[in-house]
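# sequence unavailable; structure follows:
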């Protein structure tokens, strides 16, 4: 029996990726980390993402630099992260607009499931339906009646086509049968500003954007979009309690990595996120910012993300919703 001996140089070349993988997480991170957020400054995802970024920076003793790459329902940022080196130094903070986009558009420049690792969910927060203080609508049913009496005369804002707040409005239209015109903005903060100015009629705001406006008396809140009342504003009814049967919408947010990230590097980032989200001070900061903390590690988040994509595929088909 003859033993086949590989040349030393070839053997070393074959072992090098394994050795690199083992060493790649040692001392991580030893330079600044970049967090991409696909929404403009002042949006709900930007507000929460910056809190998480600062928490990681404090934990790692390295800067975590936030880059807002707004546009295309967060897909500009998601595409950039999907195509970044899998070294842990580029992470994505995204929301369910990503699942919505993947469900709606099979021609994205990246594969939303194959090219990204859903590492950890950190929030699962309802939207808050808000109107101008001078609006004639004081309840959800009054808003529905007004929209039915004035087909396509009312308009609603969002932080962009295909984002979670946009789809909250589209679901409202689909479930109630009303007609309203969608007005997309580059961020939730801009939509809220125009609602304050009376340029739009209603907005399913992300809680970090809408809750301070409501608590400060600058906007009137009609309901929240979860199936249970929001702990941060327990006086507000849910959409279902307000007579919109079957309505439910939650804004989840979480951290993603490029799919090329080695296991040990993904574990290093995941372990840091687990430590961060176990910190009562961090959870309190997120709660005070208007988020509802819902932590799901990699396996559970991956499963939820896949189910959310399938859910939106069914919604688009059954409700005949078109993203334009």
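Arrived safely, thanks for sending. The shown structure was predicted, so the numbers you read here are calculated from the model rather than taken from an experiment.

# ramachandran angles for residue 56?
Taking degrees, to the nearest 10, you get phi -70, psi -40 for the backbone angles of residue 56.

# skip the chain neighbours and tell me the closest residue to residue 233.
Closest residue to residue 233 apart from its sequence neighbours, by Cβ to Cβ, 6 or more residues apart in numbering: residue 211 at 6.5 Å. C-beta coordinates here come from the backbone N, C-alpha and C atoms, glycine included.

# which residues are contacting whichever strand or helix holds the one you found?
Secondary-structure element containing residue 211, defined by DSSP states H and E: helix 207-215. Residues lying outside helix 207-215 but in contact with it, judged by Cβ atoms under 8 Å, 6 or more residues apart in numbering, are 42-44, 47-48, 125-128, 130, 188-189, 191-192, 196, 203, 205, 219-221, 230, 232-233, 251, 289-292.

# the residue nearest to residue 233: neighbouring residues, count only.
Look at residue 211: counted by other Cβ atoms under 10 Å, it has 25 neighbours.

# about what we covered before: pLDDT averaged over the very next helix or strand once past the helix holding residue 211 - what is it?
Along the chain past helix 207-215, the next helix or strand (assigned with DSSP H and E) turns out to be strand 219-224. When pLDDT is averaged over strand 219-224, the result is 98.

# before we move on, what about stretch 107-127?
Per-residue pLDDT values across stretch 107-127 average out to 96.

# any stretches of the chain with poor pLDDT?
Scanning the chain for pLDDT under 70 picks out the ranges 1-24, 324.

# helices of that one, residue ranges please.
Listed in chain order, the helices of the chain (DSSP state H) span 8-24, 44-60, 75-82, 97-104, 140-149, 164-176, 188-196, 207-215, 263-277, 280-288, 298-319.

# nearest to residue 120, of those?
With distances scored as Cβ to Cβ, the stretch of those nearest to residue 120 is helix 263-277 (4.5 Å).

# hmm, who's touching that closest one?
In this structure, residues lying in contact with helix 263-277 by Cβ under 8 Å, 6+ apart are 21-22, 24-25, 28, 52, 55-56, 59-60, 86-88, 91, 117, 119-120, 122, 255, 257, 261, 282-283, 293, 295, 297-298.

# may I see the buried residues of it?
If you call a residue buried by 16 or more other Cβ atoms under 10 Å, then helix 263-277 has these buried ones: 265-270, 272-273, 276-277.

# got the angle between that helix and helix 298-319?
Helix 263-277 and helix 298-319 meet at an angle of 80 degrees, taking axes from the mean of the first three to the mean of the last three Cα atoms, to 10 degrees as the criterion.

# now the angle from helix 263-277 to helix 280-288?
Interaxial angle, helix 263-277 versus helix 280-288 (the same axes, to 10 degrees): 70 degrees.

# distance between helix 263-277 and the chain's centre?
From the chain centre to the centre of helix 263-277 is a distance of 19 Å (Cα atoms, centre = their mean, to the nearest Å).

# tell me which residue is most central in this structure.
Central residue check for the chain by Cα atoms, centre = their mean: the C-alpha nearest the mean position is that of residue 95, 1.2 Å away.

# out of the helices of the chain, which one sits most buried?
Taking mean count of other Cβ atoms under 10 Å as the contact definition, the stretch among those with the greatest mean neighbour count is helix 97-104, which reaches a mean of 25.

# and for that one, what's in contact with it?
38, 72-75, 78, 108, 112-113, 160, 162-164, 167, 256, 305, 308-313, 315-316, 323.

# got it, and stretch 180-192?
The contact list for stretch 180-192 (Cβ under 8 Å, 6+ apart) reads 39-44, 46, 70-71, 130, 147, 152, 154-161, 165-166, 169-170, 172-173, 194, 199-203, 205-206, 209-210, 213, 219.
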